[in-house]
Each structure stands twice: as C-alpha cells, then as structure tokens.
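A.B. asks: Sequence first, predicted model second:
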Amino acid sequence: MDDNQSSPPPLLLSSSKQSSKLSVSTSSSSSSSSLIPINTLIEQILVSLRQEWISECDQLCQLLQRPHLLALMQVVDCVARQIFDVEIFANLEMILDNTSKSNLKIIENLENYDTAKLETFLDITSAKTMKLKMPTATTTLVYSTPRKKRRPCQKIIQVIKSDEPLGVTVRFDERTGDIILARILVGGAAYRSGLVQVGDHILEVNGIPLRGRSHLDVINILQRESMKTIITLKIVAMNRQPSFDSTANSQALKSYLVKACFDYKPEQDPQIPCPSIGLAFDKGSILNVLNKDDANWWQASKQIELSTGLIPSKRLQERRIVAIRDIKSQLDRERYIHILGGLLPLPFRKNKWCAQKIKKIMYDLSDCIRYDREEISTYEPVARYFPRSDHCRPIVLVGPSGVGCSLLISLLCQQNPNRYREPLAHTTRYKRFQENDSIDYYFVNEDWMEHEIQTGNFVCYSKYRGNYYGLHRDTIKQIVDAGAVCIFKMDAQFLRLVHTAEFKPYIIFIQPPYDLDRLIETRSRNYYDHSDSVSSQYSQRKSKQRFAYEMHLMIYESHKLQILYGHKFDTTLINDDLKETFNLLLDTVRMVEMKPTWIPIAWIQQQNKSLCRI
Ligand SMILES: Nc1ncnc2c1ncn2[C@@H]1O[C@H](COP(=O)(O)OP(=O)(O)OP(=O)(O)O)[C@@H](O)[C@H]1O
C-alpha cells in the first residue's frame, strides 16, 4: 500500500494506533506492502496486554478474544485485501483453524468476492451479534457467484459452531425436486450466522450433492452433517432482502412466557418435523416462546436453557387433545395417549381388587363427571408475581384422600400459629355438646348455606350424611387481610373457584410415593394402630388386603388428579417420610412468601381492569 494513499482502511488504522500506544512493534506503519492482517495485530496486542497487571487489560483481552469479533476481523481482512490489493494473508491456514481443503477453495474463491455483498454480510453479522447472546461460537464465511440479472445467486456458506445442531428443517418440493429451507430456529447456529433464510434451496452439504436423492437419504445426510462443527452449505439464495431486516428480527425475538400444561417428549411425537430439534418439557415448565410464525410448530426455549427447539403450537395441541378424547378404540387410545401428556403407565400390576377401576380412570376421561371437557389446557401465559406485604398468597394443598394434607397443615399451623392459619369451615350439622361455635365450626342453618352456595360464596363444599360442610371465601379473605398465610386443603374439582386473581393461591400437590411397598411401609403402622382389633388369621389377612387396596386406590387417585388438574399445580411434594415432607413444605411456603413466583398473566390483566373501573 502506498504511504501517500489518502484513506487507509479505518479498522487497520485504529489497530495500528492502538498498537503503537501499547508499544507493539509492528511493521505495518512503516511499509504499506507489509500491512499485516488484523487478526495478527490482535494477537500482538494480546501478548502485550498480558504483560500488564491492570484489570482493564484483562477485560480488553477478553473482548479481543471473542470468537465473533475474530470472525468479523477475518472478513474485514478479506475486504481490505480486495480494496487495497495488498498481500495481507501471509498464512491462510492460520486464519481459519481446522481449515479443510474445501475451506481453502472458498478462500480462493474470495478473489471474486462481491465487496458490496461482503459489507452487507458484515452488517448482518454485527447486527445479530449486538442483538443476541450467543452461547456458542459461530463463524461464517460466504462465497457467492456474481448475481446475474433476475437470477437468484448461488452461495457457499460455512458455519463453524459447537456440536449443537444447525437448527434448520427442510421440506421437499415434489414437483421440482428442490430441497428447501422450511424453518430456522431462533437463536440456533444457522440463525446466528444470518446467512440463510427460509425459502433458500440447499444444493450441497459439506460437498455432498443433495438433489436427486431419496427423502430419507437427504434427511440422513443433513442430520449427520449438521452435527459436525464445520458445515459448508451450497445454497441458492431465494427472495433475499437487500439488507438485514432488523424489524423482522425484532419481531421474531418478541417472546412471551408460558407455563406448559402437559408433558412433551418430541421423540415420541410422530408428527414433529424433526425430532432432534424438538424441545422436551414437563407439565409446569416455564417456556419462552420465541417464534409463532408456523401455525403448528412454535419455537421456544426453557427458562434456564438458551437453546431453542420446536414445540407443538397451542392450536395443534388443542386439536390433538380433542381428537384423542374422541377416539373410540382402546388400542388407538393407548397408541396416541402420550401426546396428551401425563397419562403414565401404571406403576404397579393390576390385581383383582382394582382391575375394573384402572380402565375407567386411565382411559375413560369422558366418563369422569368431575372432568371439565370445555377446559383444554395447553399453554398458560404467565408473569412474575413479586411478594407483597398486603397480600400473602394463600397456600392450597391438594391430594388424594388420606395422603396427609390435614396432618401437614396442622403441623405447619402448630409451628407458627400467628403466621400460618387454617380457615374455619361452615357446617349445617347440629352443634355437639363439647363443641363451640366459631372455634370448631361456624354452625349455620341450611337455608343460609344453600343461598351462599348459590351465590358462589363457598369456594368448596360437600354434603355428608345430609349435612353441608364448606369453606366460605370471607374466612379466607379475613386471614389474608390480617397479613397471615392462609393454608387449607381442598378437593381439586373446586380449584377453579379459588384459582382467581382475587386470591392468587399457590397450589401444592401432595403426592403419595408411587412405590406401593414404600407407601404401605410408611402408612401401615398408623393403619394397624387404628384398625379394629382383628381376631382370626383370616380376618387379619383380609384386613391387610383391604389396606393394600386402599393404598392402590390412593396411587390411582393421585395419577388421576395429576392428569386432570396437574396444569394448575405450582409444585408437587411427595409425602414419603413425614419429617422430610414437612420441611419441604415449610421451605416452599417461605419461598412463596419471599421470592417472586409465576402467576397467570390473566390475573394481572383482570386486576388492572378492575383498577381502571375504580
Ligand atoms: N408421611 C406420612 N407417614 C406416615 N403416615 C402419614 C404420613 N402422612 C400422613 N400420614 C397418616 O395418614 C393418615 C391420613 O392423613 P390425613 O388425614 O392428613 O390425610 P388427608 O389427606 O387429610 O386425607 P382426607 O382428605 O381423607 O382427610 C393420618 O393418620 C396420618 O397420620
């Protein structure tokens, strides 16, 4: 390069200024012909910085070593070479680690590079780098044929990534035989490269031509090659935007958080376009939905993991649930039932005591009178709720009969009676001699109670031996207004009456251990202590059978509750060892009091609406 040349490339100039300040001896400033690549300059600056004992130098070192910055600098060097026509690449192999022969070919082809396009590419890459946190390094090189009039240009692109998948799906055009990019996962390696777009045609992958092969062959090749760290694609770029479309990108990144109301295992889903990029999740997981462009398959990531995957859209999942519910044949139900999520195989063998019951519970949801068929839960939009001093979220325990909800509540209330309080129930039963009104129960007359039930003031109620028992919403409100934590158990079928913006309850499911022997072991001492005295061996055996049957039923009931109402549970505690369960309960309740928790976004919207009305 001529010394008198008016405008040297800005990045090179700034680098050499920097280097002189840090006393790096470079020959770049003295002679134009010995202009050195930026990457070499950076290495020299790093050597010099590492000799300094200043924390800022450390930070600068880290910045300069970022893979994306280095990738950008490689491209800048290429551009500089084109513009200034100087030999700046002394050693091509050094520029690209792991350079294969095909990569060298790409570099050779850079001779014919369209500089304007390279600059566009730089814009794209830098814009993406600014917008996204990148968990893995993605380096991209691009070679494109000169664009002829109205003809889409062919490109060879290269993505250097970790062992993550490339993050794309393809579809086949049966008419033309083209293999077309159908979907690019937000945040995936291909997305971060910014070099491919939905609609591009893929001609080759790592030098293997794809056209003319069977679908299965193409899928196998793509799956195998896309897991490699360096992947080179020959594509025909269709419908390209002239420059990076930042609005489209920000649209794609507009995410929203949902709580999953079903379990999902992509490898068991026969309909997913590509199981390896599916996102597995459990009921209750919080998902970040990043892209809803496809009506059937959304793109989402989990809260803790950054990688994006495919999940069935709300519409698709709702349709499947409805379809599966109406399947008549038992065999088909068993085949597709996993798509519903949560319908687990039984954890123990059927026996003569409950074989009939099993079938009903597991497969005849339509027969279950408690099940609300109108409610199809797939994803529930959620928001964070920060603890407030004027509203402690009530804690509701739900579980199969006999699992231990009452015992846990009484232990918690004994631990701190001022902080944890159980609301008193109402009853129409007559007051017994030793009982006191407002201490044992609120004793009320039947007309009043029926009227209150009609007006929806009882959050749960039942009739036992001709008498009503129930929990009035005012009794819960009184405890909440007093600033205490209201804790009570309730039948799951009434959850919707209390699962409201007014109370914002935190629902804990108390589950028995699903190991039947363990359940019998933990509960048996209690049972035999309290069971009637047994005289003969026969009646003892009968009593044991009856007890085992009850434990069976508890597990069944628990499964059923999880299937039907699991999406409403905030957490699940397994009541195995009583002391451990109690400690877990205490930790959970304290966590709800002190830390942010997830609530349905609808509760916040409802509250805002009612504030507006005021
Ligand atoms: N972890 C445990 N280990 C041993 N026994 C337990 C455990 N949890 C509960 N129990 C016992 O199980 C019995 C039933 O408990 P509890 O009455 O609390 O159940 P519940 O869920 O309230 O049932 P229900 O709704 O039918 O009243 C009690 O005798 C209790 O002592």
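C.D. replies: Cool, the structure landed. Residues are numbered from 1 along each chain as shown.
A.B. asks: List the contacts of Thr475.
C.D. replies: By CB atoms under 8 Å, 6 or more residues apart in numbering, Thr475 lies in contact with 423-426, 442. The C-beta positions use only the backbone N, C-alpha and C, and glycine is treated the same way.
A.B. asks: quick one: secondary structure of it?
C.D. replies: Recorded secondary structure, Thr475: helix (DSSP: H, G, I helix; E, B strand; the rest coil).
A.B. asks: Roughly how far does it sit from Ile156?
C.D. replies: Using CB to CB, to the nearest Å, Thr475 is found at 72 Å from Ile156.
A.B. asks: can you list the domain ranges for this structure.
C.D. replies: As recorded under automatic domain parsing, the domains making up the chain are 12-125, 154-236, 250-312, 389-419+484-613, 425-482.
A.B. asks: Redo these as JSON lines? Include distance to the ligand.
C.D. replies: JSON lines is the format used below for these (distance: least, CB to the nearest ligand atom, whole Å):
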{"stretch": "domain 12-125", "distance to the ligand": "52"}
{"stretch": "domain 154-236", "distance to the ligand": "44"}
{"stretch": "domain 250-312", "distance to the ligand": "21"}
{"stretch": "domain 389-419+484-613", "distance to the ligand": "3"}
{"stretch": "domain 425-482", "distance to the ligand": "11"}
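A.B. asks: shaky segments in the stretch 501-614 of the chain?
C.D. replies: Residue ranges of the stretch 501-614 of the chain with pLDDT under 70: 526-536, 538, 607-614.
A.B. asks: Do you have the helices of it handy? List them.
C.D. replies: Using DSSP state H, counting those that start in this stretch, the helices found in the stretch 501-614 of the chain span residues 516-530, 537-565, 578-594, 601-613.
A.B. asks: Which one of these lies nearest to Ile376?
C.D. replies: helix 537-565 (12.1 Å; CB to CB).
A.B. asks: Name the residues of that closest one that are buried.
C.D. replies: 544, 547-548, 550-565 (16 or more other CB atoms under 10 Å).
A.B. asks: Then stretch 168-179?
C.D. replies: By 16+ other CB under 10 Å, the buried positions in stretch 168-179 come out as 168-170, 178-179.
A.B. asks: same check, this time on stretch 63-74
C.D. replies: Of the residues in stretch 63-74, those buried (16+ other CB under 10 Å) are 64, 68, 70-74.
A.B. asks: In JSON lines: these, plus pLDDT and secondary structure.
C.D. replies: Converted to JSON lines, these look like this (pLDDT from 0 to 100; DSSP: H, G, I helix; E, B strand; the rest coil):
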{"residue": "Leu64", "pLDDT": "82", "secondary structure": "helix"}
{"residue": "His68", "pLDDT": "77", "secondary structure": "helix"}
{"residue": "Leu70", "pLDDT": "79", "secondary structure": "helix"}
{"residue": "Ala71", "pLDDT": "79", "secondary structure": "helix"}
{"residue": "Leu72", "pLDDT": "82", "secondary structure": "helix"}
{"residue": "Met73", "pLDDT": "81", "secondary structure": "helix"}
{"residue": "Gln74", "pLDDT": "79", "secondary structure": "helix"}
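A.B. asks: For these, could you give me a markdown table that also reports distance to Ala501?
C.D. replies: Shown next, in a markdown table, are the buried residues of stretch 63-74 (distance: CB to CB, whole Å):
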| residue | distance to Ala501 |
| --- | --- |
| Leu64 | 51 |
| His68 | 44 |
| Leu70 | 51 |
| Ala71 | 49 |
| Leu72 | 49 |
| Met73 | 54 |
| Gln74 | 55 |
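A.B. asks: got any ranges where this structure has weak pLDDT?
C.D. replies: 1-35, 51-55, 82-152, 239-255, 304-306, 324-375, 526-536, 538, 607-614.
A.B. asks: please redo it, this time with the cut-off set to 50
C.D. replies: Residue ranges of the chain with pLDDT under 50: 1-33, 86-137, 242-252, 341-373, 614.
A.B. asks: What is the subsequent helix or strand relative to the one helix or strand Leu216 maps to?
C.D. replies: According to DSSP states H and E, Leu216 maps onto helix 215-226. Using DSSP H and E, the next helix or strand after helix 215-226 towards the C-terminus is strand 230-236.
A.B. asks: Sheet-wise, list the partners of that next one with their directions.
C.D. replies: Strand 230-236 pairs in its sheet with strand 154-160 (antiparallel), strand 201-205 (antiparallel), by DSSP bridges.
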